[in-house]
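> Structure for this input, please:
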Amino acid sequence: MLLRYIFAPLLKNAILENVQNLSVTQINTSKISVVQDFKEITKMRLALSVVFSSVAGYLLGVDTVSWSTLILLAIGGYFMVGASNAFNQIIERDLDKLMDRTRNRPIPSGRMTVNTAFAIATIFTIAGISVLYSINPKTAMFGAISIFLYVSLYTPLKTKTPLSVFVGAIPGAIPFMLGWVAATNDFGIEPGTLFMVQFFWQFPHFWAIGWFLYDDYEKGGFFMLPTGKRDKGTAVQVIIYTAWTVVTSLIPVFGVTGKLYITPVSGVIILLLGFVLLKSAINLYKIRDAKTAKRLMLMSVLYITLLQVIYVADKFIRIWI
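Here you go, the predicted model:
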């Protein structure tokens, strides 16, 4: 009896403490889930890579860096990409359920409603265009074009024709040139060249993804490869567009692209990077397996990132010297 009076209160307190801890854990888990779902619906990692491209374009075009403009460009760029991705996941929600890599996304998994995703997409669209408009109207216009092409053309075409990659390459190439337009309020040969570099780069990059995720894309009915198959025809086109990517990357060396110029030293570095990228594309032609395609995809990401860093570094080194 004495033991009952001693241990009963202790047991009661222990149970209450465990219940309280469980509740706190559930709340914290719920908060983490909401944050993760928000990151997923806006594809935060992709959005940040787009912001990186926009910032690089801005630094190439600007004479004197305005940190306020740079911050607005980063915020507006994130909103722009986040809106496109949210709309994309709303449209493809039923197809996402069919694929292993997408079935756990917020909407197909049931963690987020379509209405919530639509609200996020709408708010991001309005906010993104408004923020970019505060920089200048041309920047906002290209931002709006990017969202429209991605959502209204690229997304529905993915299940209809391999030409979707061509259409998707247009909004995908806009961020690099968008930064220049934000810096200068002008569209000319310089941002046109930046657009062309990233436009051609899209093809080996996305065809590599389409190759190593071929089986999963097939479940969703997506046509990502130019021939529709993982064959020599697709591999040849990967090589061709990889070569075009490298060639267009080197055009600023020749001084024919206005204020956009890189020195021969930087040109040699980019050429060497290009050879490595081209070698990865040739390896895909020779081996034609998912592992080689994934290596090409990773190499393509490294290539475009280092290219943008080299372009910017080349400009500022020349200024400082």
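
> Now do the contacts for residue 113.
residue 107 (CB atoms under 8 Å, 6 or more residues apart in numbering). Placement of C-beta: from N, CA and C, glycine included.

> Could you measure from it over to residue 285?
With distances taken as CB to CB, to the nearest Å, residue 113 is found 45 Å from residue 285.

> And for residue 291, nearest residue in space, chain neighbours not counted?
Spatial nearest neighbour of residue 291, excluding adjacent residues (CB to CB, 6 or more residues apart in numbering): residue 212 at 7.5 Å.

> typo on my end, it should be residue 156
Here the residue nearest residue 156, using CB to CB, 6+ apart, is residue 91, at 7.2 Å.

> What residues does the one you found make contact with?
151, 155-156.

> what does residue 194 give?
57, 60, 176-177, 179-180, 260.

> next one: residue 130
Here residue 130 is in contact with residue 140 (CB under 8 Å, 6+ apart).

> quick one: which helix or strand includes it?
Under the criterion of DSSP states H and E, residue 130 resides in helix 114-135.

> Give me the contacts around the helix or strand harbouring residue 279.
Using DSSP H and E, residue 279 falls within helix 264-287. For helix 264-287, contacts defined as CB under 8 Å, 6+ apart pick out 204, 208, 211, 232, 235-236, 238-239, 242-243, 245-246, 249-250, 253, 262, 292-293, 295-296, 299-300, 303, 306-307, 310-311, 313-314.

> Ok, stretch 308-319 next?
Contacts of stretch 308-319 (CB under 8 Å, 6+ apart): 52-53, 56, 59-60, 176, 252, 262-263, 265-266, 269-270.

> from the residues you listed, which single one is nearest residue 193?
residue 252 (6.5 Å; CB to CB).

> for the closest one, what are its contacts?
Contacts of residue 252 (CB under 8 Å, 6+ apart): 193, 260-262, 311.

> Recalculate using a threshold of 10 Å.
60, 190, 193-194, 197, 258-263, 266-267, 270, 311, 314 (CB atoms under 10 Å, 6 or more residues apart in numbering).

> got it, and residue 233?
Contacts of residue 233 by CB under 10 Å, 6+ apart are 225-227.

> I only care about the residues you listed that end up buried; give me the PyMOL line for that.
To isolate the buried members of the contacts of residue 233 in PyMOL, using 16 or more other CB atoms under 10 Å:
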select buried, resi 225+226
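
> just curious, which of the contacts of residue 233 is nearest to residue 186?
Nearest member of these to residue 186, counting by CB to CB, is residue 226, at 34.6 Å.

> is it true that the closest one touches residue 236?
Yes - using CB atoms under 10 Å, residue 226 is in contact with residue 236, at 9.2 Å.

> Sticking with the spatially most central residue of the chain, tell me its helix or strand.
Taking CA atoms, centre = their mean, the centroid of the chain lies closest to residue 46, which sits 3.1 Å from it. Secondary-structure assignment from DSSP H and E places residue 46 in helix 44-61.

> Nothing else from me, thank you.
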